[in-house]
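Q: need the 3D shape of this:
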Amino acid sequence: MFTQPPAQLGSQSLSFTGLSGISIVNVPLADGSRVPALRISAESITIGGFSLTVRHDTGPSLATTADTMTLRGHVQVYLNSITATTADGHALTLGADTPPPADGVPNDLLRVTLGLVGATADSIVYTNTKQHLSE
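A: As a prediction, the model looks like this:
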């Protein structure tokens, strides 16, 4: 079960191993409704230069940074959008309304921004984490 609005996840780099699928799914929200999301399934995902901002309609936002975030084992990441640059400099945009290209998604992406709905994995590890609240 997830909440809205999606968190803003930024990174300097994103790489994955064992990519097993990219699909559009409907995910349940805490209020009982459902929203479409892009689900990325992989064995592991590593995010370098991790930053995450969680906002609500009212009150403070929570900002988290880490040198790396590593998700391992049965990784499922749910997004409403992704923008990135490929290693060869091409722009990539994916979302519920913009499915993956026919030739697939590269294993390494740079300057990635995600609209993060949620993520699950057997293990999620952060290195050098910092958090702060801001109005």
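Q: for the chain, what spans make up the strands?
A: 7-17, 21-28, 34-54, 61-86, 91-95, 108-120, 123-127, 130-134 (DSSP state E).
Q: now those strands in a markdown table, with mean pLDDT, mean neighbour count and distance to Met1?
A: C-betas here are computed from N, CA, C, even on glycine. Converted to a markdown table, the strands of the chain look like this (pLDDT from 0 to 100; neighbours: other CB atoms under 10 Å; distance: least, CB to CB, whole Å):
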| stretch | mean pLDDT | mean neighbour count | distance to Met1 |
| --- | --- | --- | --- |
| strand 7-17 | 89 | 18 | 15 |
| strand 21-28 | 90 | 13 | 5 |
| strand 34-54 | 94 | 19 | 10 |
| strand 61-86 | 93 | 18 | 11 |
| strand 91-95 | 83 | 15 | 21 |
| strand 108-120 | 86 | 18 | 8 |
| strand 123-127 | 97 | 13 | 17 |
| strand 130-134 | 93 | 10 | 23 |
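Q: roughly how far does the residue lying closest to Thr68 once chain neighbours are set aside sit from Thr46?
A: Residue nearest to Thr68 in three dimensions, not counting chain neighbours: Thr127, with 4.8 Å by CB to CB, 6 or more residues apart in numbering. Thr127 is 10 Å from Thr46, where distance means CB to CB, to the nearest Å.
Q: find residues that contact each of those two.
A: Thr68 (CB atoms under 8 Å, 6 or more residues apart in numbering).
Q: can you pull the contacts of the residue nearest to Leu71 when sequence neighbours are not counted?
A: Of all residues beyond its chain neighbours, the one nearest Leu71 is Ala121 (3.9 Å), with distances taken as CB to CB, 6+ apart. Neighbour list for Ala121: 45, 71-76 [criterion: CB under 8 Å, 6+ apart].
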